[in-house]
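**Q** How does the following fold in three dimensions:
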Amino acid sequence: MIRQASDVMAGLADAIAQRIGEPRFELWFARHTRFEVIDDGLKVGVPNRHFQEWLNRTFGEAVREAASEVFGQPMPVRFVIDPELFQQARREQQAALEQPLPLPEPKAAKTEPTAPRQASTSAKRGRRWHKLSDFVVGPCNRVAHASALCVVEAPGESANPLVLYGPVGTGKTHLLEGIYAELRKAHGDWRVTYLTSEEFTNRFLQAMRNDRLSSFRRQFRDCDVLLLDDLHFLATKKATQEEFLHTFDALLADGRQLVVTCDCHPRLADDFTPELVDRLLGGAVWSLQPPDAETRLAILRAKSRRLEGVLFPDEVLTFLAQQLRGNVRELEGAIQSVRHYSRVTGRPIDVALVREALTDLLRHAIRVVRLTDVDQATCAVLRLEPGSLQSQARAWAVSHPRMVAMFLARKHTAASYSDIGKHFGGRNHSTVVAAEKKVRAWLDENLELSLGERRIRVRELVERVEHDLLR
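**A** Take a look at the predicted model:
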């Protein structure tokens, strides 16, 4: 921090630190601010708009009180962007971008908890983090990727909390790791914490056993950004959910950024407490879906380009994109398998070689969807009893899911209207036609359905059932 009239400014710094705490003063004011007394009050220079808005909103009152105490009179305070601090921050950021991510220091004698500055135990072994720049963007994940970039550009100011959900292999962890890596580069002095929900649970249980809950809470509630992967791991762990909820509230109350990933929309997570679901819905909730054909082709091209000394003709990649409809890991596995088969056989890569190398994978990639599959997937997603959709029940909690199932049956099976009606409780042709039209209208209007005590958007329900059908 650059000081003028050193004794007075030192007193002002001490007065602010007494009010907000020394750690927070060191994090937000030391090296990032310039105090200057001007005719109409105290000017606090800051490096950028994020600091300007955050310091004014969070610590403005504390700074005004401290200034009044030091100068002996009420002192107007203005937070302004200082050109020198701005340039200094840009130089530091550029230098950080040009350096590899710093590895955590080896374990030493215990002092203060260091977990918030680390990622997880895997980072201590030199974990290689995914980068946002390597993420292949398509219609299936565009909004989720854009929201991750917003978090990096303005932590705590954009969507908070940010919830990214979707089935396995769609890129949730990639985005979360990318956010972590970018924030560590841009804000080297911040406490950016990345861990899985399983790690959070294990640390919580260990803290309870060792009577160190206060240390555990300080570890997570004092970080600047918390990135939590696989939140669904907490589904049946009520005590851990409650502890996470308190951590959640503490971070958001302080304007800290929180990003979590989950395998389904919070509204569909029946084993989450209502309080936790409510908090998660208070920010932005975006889905990542299995890649469409266009995105699959882009992913295959990106993966193949990283393999040195191997040529994948575009017709081969196009063939794979059309035949394989799984997630990103399946696509990457296919590329590696074809590469290995080409090396073993000594043959160049072409469509014929791909057919030989991936015989089993290609055979299972084309799946015939049956009416029973649609029925079972819908019941599984909504946790309805098997046979519910074939009953004569007319309650909305059953009739609306039945209509969605009829719509999906028309979309994904070759069954006729009569066959679909017969399967779902012996209903006639016109009932299925009406159900299909009704669901299309719900989708066009982006409506929510009331299913007992839950409400869910029809589009989210259809996406989740289709994922179960086609995986």
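
**Q** hey, where'd the helices end up in the stretch 1-150 of the chain?
**A** With DSSP state H, counting those that start in this stretch applied, the stretch 1-150 of the chain shows helices at 6-20, 22-28, 49-71, 83-97, 142-153, listed in chain order.

**Q** Can you flag the weakest of the ones you listed by average pLDDT?
**A** Comparing mean pLDDT across the helices of the stretch 1-150 of the chain, the weakest is helix 83-97, with a mean of 67.

**Q** Which residue ranges of the stretch 101-250 of the chain form strands?
**A** All strands of the stretch 101-250 of the chain, identified by DSSP state E, counting those that start in this stretch, fall at 162-165, 192-196, 225-229.

**Q** Show me the one of those that comes nearest Leu176.
**A** Closest approach to Leu176 among the strands of the stretch 101-250 of the chain (CB to CB): strand 225-229, 5.2 Å. For every residue, glycine as well, the C-beta is placed using N, CA and C.

**Q** What are the contacting residues of the closest one?
**A** With contacts defined as CB atoms under 8 Å, 6 or more residues apart in numbering, strand 225-229 is touched by 155-156, 172-173, 176, 179-180, 183, 190-197, 200, 220, 244, 247, 251, 256-261.

**Q** do you know how far the residue nearest in space to the middle of the chain is from Val432?
**A** Centroid-nearest residue in the chain, with CA atoms, centre = their mean: Leu164, separated by 3.7 Å. Leu164 sits 35 Å away from Val432 when distances are taken as CB to CB, to the nearest Å.

**Q** for Tyr165, same thing?
**A** 31 Å.

**Q** same thing with Arg394?
**A** 16 Å.

**Q** and these two? which has more neighbours close in?
**A** Val432 (25 against 8; other CB atoms under 10 Å).

**Q** Does the more buried one belong to a helix, a strand or coil?
**A** Here Val432 takes the helix state, with states given by DSSP: H, G, I helix; E, B strand; the rest coil.

**Q** residues touching the residue nearest to Ala17 when sequence neighbours are not counted, list them.
**A** Once flanking residues are discounted, Ala17 sits nearest to Phe25: 4.0 Å by CB to CB, 6 or more residues apart in numbering. Each residue near Phe25 by CB under 8 Å, 6+ apart is listed here: 13, 16-17.

**Q** do the same with Glu330
**A** Counting by CB under 8 Å, 6+ apart, Glu330 touches 169, 324, 361.

**Q** Please name whichever of the residues you listed scores lowest on pLDDT.
**A** Sorting the contacts of Glu330 by pLDDT puts Leu361 at the bottom of the list (78).

**Q** separation between that residue and Val354?
**A** According to CB to CB, Leu361 and Val354 sit 10 Å apart.

**Q** domains of the chain?
**A** For the chain, automatic domain parsing gives the domain ranges 6-92, 116-287, 293-365, 371-470.

**Q** Quick check: Thr345 touching Val354?
**A** No: counting by CB atoms under 8 Å, Thr345 does not reach Val354; the two are 12.0 Å apart.

**Q** These two: which is more packed in?
**A** Val354 (25 against 11).

**Q** Now for that one: which residues touch it?
**A** Val354 makes contact with 316, 319-320, 338, according to CB under 8 Å, 6+ apart.

**Q** rerun at 10 Å
**A** Neighbouring residues of Val354 by CB atoms under 10 Å, 6 or more residues apart in numbering: 312-313, 315-317, 319-320, 323, 334, 337-338, 341-342, 361-362.

**Q** Of those residues, select the buried ones using a PyMOL command.
**A** Command for PyMOL that selects the buried part of these, burial taken from 16 or more other CB atoms under 10 Å:
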select buried, resi 312+316+317+319+320+323+334+338+341+342+361+362
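
**Q** Out of the contacts of Val354, list just those in helices.
**A** Using DSSP state H, 315-317, 319-320, 323, 334, 337-338, 341-342, 361-362 are the members of those that sit in helices.

**Q** ok, so what distance separates Gly166 from Ala15?
**A** For Gly166, the distance to Ala15 - CB to CB - is 49 Å.
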